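1. no FASTA, just this:
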């Protein structure tokens, strides 16, 4: 054991001891009796998880894991190189085939998880336009998801409009909400914008919770219709269209898959368009962008509106799938979750955001026994990610050179 | 008329609590330009420590003879504990990020907030925890207005803490060092001020004030909950912005204004009670839009706003 590693272990041990010293009072009490049995278990698990992570980190740093990691890295490089040389359709075709065949290969539970992942991919990519591309930190993004969901819920329950008609209306309403929220806030920058969007997100939730006549308050809205299709039938000799409501999970999966693919293509196209360039210019240096002739206010508003559209689409699907909406689904923690996907995956990077959604939604499903620890681990991971890998799991490739790259 | 005075007393009580929490935000923002999201959780942790200490002391019969001594003891212990907790959070999550982008630190703070909130939930349970309130009962009628001892206590403790803080910041060496660091970190380091220590001290002081607020809120409303820190945290931040971020006197005034507006709006605007949480956000947005420097704020340079 080298001196450096002993020192870092000492620091880790001290840190853990300090942590315990600090946190022991936050343990259980019932009827005036102090008892620590259940609660010390919580912190014991946290400590074990932290120690394992730290040990792996140290071993990685020391090179003990190299015999195991090096072939892996070599394999990864080989695969990445091969993939880089292969034409793009060779990657996309198997991926698309797998995505299409997925419901046939898996059971209900796996389909449910996949639908969740795809919903969050839509949300994450929508937020990615605002945070990743344009650099506007939005902590109230879930409000647009809520606007989309409630728009479809109300239109479906009161006017019994079909899902497909409502989908563009939901997107439109979310975009309007985005512009309404964006208009007064976009004069602010950075931290202030974050806190104001957080405030707006909470306002939307509180209004949904209290406007009894329209939204049913905390009880939510019941009886939303699921999406339907008209199937041609030739039952009695003549062509007629039969209405069929889609309730089966696998059909819902295809709908959200289509939405997610639409979102991915749209965000990709935005990213590499003139608008995307303007967004990136604003993210890198707003003043310089304005000097170069980018109408920053208009583009920031556009980023808000575009981001909100994808949130609204995902929200409409969410309402149609659950056939029930309530304000409970649109809390701040959901916003933080979507933001964490974007940050964890890599801001501005489309594959990164998809990876982030997979990591945050699908991974916890594998550890169902630790369900309660999910948010705890997620908060910790967010802080740790900022320390060890601030650019994310799959950072966006930078276009061009920047002056501070050479420093 | 009596009703109005009654509401003003209630507003002062609530405003004092917001002012105490807002000071932590404003001091930290003034010194390292960070919205410390974990501050609301420190406030909640103070409330929980209060309920643990007070129920334990009550069960051991220590509260029978001199309940006010017990309360003061719990208050001081919780303040010390939360100061240490905030310093540890700062060491772990913010200090290594001193050189990285503002967004990284902000997200790290958000992560810490979620971590602490869920830690509280896992160790203390999802349900409300009731404060032992038997020794804070009672009150008196003054000019037809009902004032409880608890309200007097909150206003008195808040006033004392605010005076102490003012003395600390404007009369002592560490206060001078804090003001210097807030003004210019590099220059103050050049003249020999240890900026890491000053930042630690700032976190500790802010957290101690928040812990006091947490205990008083617990005693006033009779219970605490693991997520009690979130909404008051944002409102207190709104108060800090209203007063001019980075300005200590401003945060105190802002806290009282936000508390007063919330209570009066809930009392006089129809359906105001249901929407009481909205008013602080609306004030925050209006202030940032029309008057980004706040009431007492100095000129804020372009990069800050």
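-> Looks like it came in fine. Fair warning: this is a prediction, and the values are worked out from it, not measured in the lab.
2. for chain B, see how far away the residue nearest to residue A:222 when sequence neighbours are not counted is.
-> If you skip the residues right next to it in sequence, residue A:222 has residue A:324 as its closest partner in space, 5.6 Å away by CB to CB, 6 or more residues apart in numbering or on different chains. From N, CA and C alone the C-beta is placed, and that goes for glycine too. As defined by CB to the nearest CB, to the nearest Å, residue A:324 lies at a distance of 22 Å from chain B.
3. low-confidence stretches in the stretch 51-200 of chain A?
-> Counting by pLDDT under 70, the stretch 51-200 of chain A shows low-confidence ranges at A:65, A:189-190.
4. how about the residues of it by chain B?
-> Residues of the stretch 51-200 of chain A found near chain B (CB under 8 Å from any CB of the partner chain) are A:137, A:139, A:184-185, A:187-192, A:194-196, A:198-200.
5. quick one, helices of the stretch 151-300 of chain B?
-> If DSSP state H, counting those that start in this stretch is used as the criterion, the helices of the stretch 151-300 of chain B fall at B:173-183, B:185-190, B:195-221, B:230-243, B:248-268, B:276-290.
6. got the buried residues for the first one?
-> Pointing back at helix B:173-183 there. With burial defined by 16 or more other CB atoms under 10 Å in any protein chain shown, the residues of helix B:173-183 counted as buried are B:175, B:177, B:178, B:179, B:180, B:181, B:182.
7. do the same with the longest one
-> With burial defined by 16+ other CB under 10 Å, the residues of helix B:195-221 counted as buried are B:195, B:198-220.
8. hmm, it touching chain A?
-> No: with CB under 8 Å from any CB as the threshold, helix B:195-221 lies outside contact range of chain A, at a closest distance of 11.5 Å.
9. need the phi and psi values for the closest residue in space to residue A:299 that isn't next to it in sequence.
-> The shortest distance from residue A:299 to any residue that is not its chain neighbour, by CB to CB, 6+ apart, is 4.8 Å, and that residue is residue A:278. Note on residue A:278: its backbone torsions stand at phi -60, psi -40 [degrees, to the nearest 10].
10. residues in contact with residue A:278?
-> In this structure, residue A:278 makes contact with A:289, A:294, A:299, judged by CB atoms under 8 Å, 6 or more residues apart in numbering or on different chains.
11. three-state assignment of the last one?
-> This points to residue A:299. Secondary structure, DSSP: H, G, I helix; E, B strand; the rest coil: residue A:299 is helix.
12. quick one: contacts for it?
-> For residue A:299, the contacting residues are A:134, A:275, A:278, A:279, A:282, by CB under 8 Å, 6+ apart.
13. residue B:100: what's it in contact with?
-> Residue B:100 makes contact with A:386, A:390, according to CB under 8 Å, 6+ apart.
14. tell me if it really is in a strand.
-> No: in this structure, residue B:100 is coil, not part of a strand, as judged by three-state DSSP.
15. residue A:154: which of the contacts of residue A:278 is nearest?
-> Nearest to residue A:154 out of the contacts of residue A:278 is residue A:299 (CB to CB; 31.6 Å).
16. separation between the closest one and residue A:139?
-> Summarising the geometry, the distance separating residue A:299 from residue A:139, computed by CB to CB, to the nearest Å, is 21 Å.
17. name the residues of the stretch 51-200 of chain B found near chain A, please.
-> The stretch 51-200 of chain B has residues B:51-53, B:55-56, B:58-60, B:81, B:84-85, B:88, B:92-93, B:96-97, B:100-108, B:110-120, B:122-125 near chain A, with proximity defined as CB under 8 Å from any CB.
18. so which of those sit within helices?
-> B:51-53, B:55-56, B:58-59, B:81, B:84-85, B:88, B:102-108, B:110-120, B:122-124 (DSSP state H).
19. shaky segments in the stretch 201-305 of chain B?
-> By pLDDT under 70, the low-scoring segments of the stretch 201-305 of chain B are B:297-305.
20. residues of it that sit close to chain A?
-> Near chain A, when you scan the stretch 201-305 of chain B using CB under 8 Å from any CB, you find B:230-231, B:234, B:237-238, B:241, B:271, B:274-275, B:277-278, B:280-282, B:284-285, B:288-289, B:292, B:302-305.
21. still on that earlier bit, okay if I get the contacts of residue A:278 as JSON lines plus pLDDT?
-> Shown next, in JSON lines, are the contacts of residue A:278 (pLDDT from 0 to 100):
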{"residue": "A:289", "pLDDT": "89"}
{"residue": "A:294", "pLDDT": "88"}
{"residue": "A:299", "pLDDT": "92"}
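22. which of those residues lies closest to chain B?
-> The nearest member of those to chain B, counting by CB to the nearest CB, is residue A:289 at 14.2 Å.
23. returning to what we had before: hmm, residue A:225 and the residue nearest to residue A:222 touching each other?
-> No: with contact defined as CB atoms under 8 Å, residue A:324 does not reach residue A:225; the gap is 11.6 Å.
24. so which of these two has more stuff around it?
-> Between residue A:324 and residue A:225, residue A:225 has the larger neighbour count (other CB atoms under 10 Å in any protein chain shown), namely 19 against 16.
25. could you look up the SS state of the residue nearest to the more buried one when sequence neighbours are not counted?
-> Once flanking residues are discounted, residue A:225 sits nearest to residue A:156: 5.0 Å by CB to CB, 6+ apart. In three-state terms, and counting by three-state DSSP, residue A:156 is helix.
26. OK, contacts around the nearest residue to residue B:279 once chain neighbours are set aside?
-> The shortest distance from residue B:279 to any non-neighbouring residue, by CB to CB, 6+ apart, is to residue B:265 (4.9 Å). The contact partners of residue B:265, by CB under 8 Å, 6+ apart, come to B:272, B:275, B:276, B:279.
27. tell me the one among those residues nearest to chain A.
-> Nearest to chain A, judged by CB to the nearest CB, of those is residue B:275 at 6.1 Å.
28. I'd say that closest one and residue A:209 touch.
-> No: using CB under 8 Å as the test, residue B:275 is too far from residue A:209 to be in contact (9.6 Å).
29. what pLDDT does the residue of chain B found nearest chain A get?
-> Here chain B gets closest to chain A at one residue, residue B:59, 2.4 Å apart by CB to the nearest CB. The pLDDT attached to residue B:59 in the predicted structure is 78.
30. now swap in the one 10 residues further on and tell me
-> At residue B:69 the predicted local distance difference test score is 84.
31. about what we covered before: just give me the closest of the contacts of residue A:278 to residue A:122.
-> Residue A:122 has its nearest neighbour among those in residue A:299, at 22.3 Å by CB to CB.
32. how far away is that closest one from residue A:182?
-> With CB to CB as the criterion, residue A:299 and residue A:182 are 11 Å apart.
33. likewise for residue A:109?
-> Distance from residue A:109 to residue A:182, counting by CB to CB: 39 Å.
34. equivalent analysis for residue B:66, please.
-> When CB to CB is applied, the distance between residue B:66 and residue A:182 equals 57 Å.
35. I am finished for the moment; much appreciated.
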